[in-house]
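Participant: Following is a predicted model, sequence given first.
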Amino acid sequence: MINSVEDLRSAGVLPTGPVSAWPKQRNVAGPGMRGAKEHKADPKIKATVAGLARGLGKTALQGILNGKVSREVREERYDICKACSAFRKQDKRCSECGCFMEAKTFIAGDPDMLCPLKKWSR
């Protein structure tokens, strides 16, 4: 009885080729097979170039006027960002505003102005 892909291997290689009786769809690991990984794509950045520029200006102004927050507040903000559905893990950016969150979470100022989804409490 065949229980896994390993049982179907011949010398460690799946048979393929134009004369092979091996169905082509079996060459792709499906969700039920061992080793198959589900890849969840990062959300697309919604901000336009103009929106990115406007957001950068607002964020820079907040940084100039208010400085930066303590490490504790920064870590709290960054943890909130990492748990958010708008956070892009691959490049550590927010898909709502397009900002790089490792840098933006350090900026002091009005949290509602800095986070487009208003998730930061301080």
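Facilitator: Alright, I've got the coordinates.
Participant: List the buried residues for the helix or strand hosting residue 61?
Facilitator: Assigned by DSSP states H and E, residue 61 falls within helix 49-66. Across helix 49-66, burial judged by 16 or more other C-beta atoms under 10 Å covers 55, 59, 62-63. Where you see a C-beta, it was placed from the backbone N, CA and C, and this is true even at glycine.
Participant: May I have the predicted confidence score for the residue lying closest to residue 42 once chain neighbours are set aside?
Facilitator: Of all residues not flanking residue 42 in the chain, residue 88 sits nearest, at 4.0 Å (C-beta to C-beta, 6 or more residues apart in numbering). At residue 88, the predicted lDDT confidence score is 94.
Participant: And residue 88, how far from residue 48?
Facilitator: Using C-beta to C-beta, to the nearest Å, residue 88 is found at 17 Å from residue 48.
Participant: These two: who's more crowded?
Facilitator: Counted by other C-beta atoms under 10 Å, residue 88 and residue 48 do not tie: residue 88 has more neighbours, with 18 against 10.
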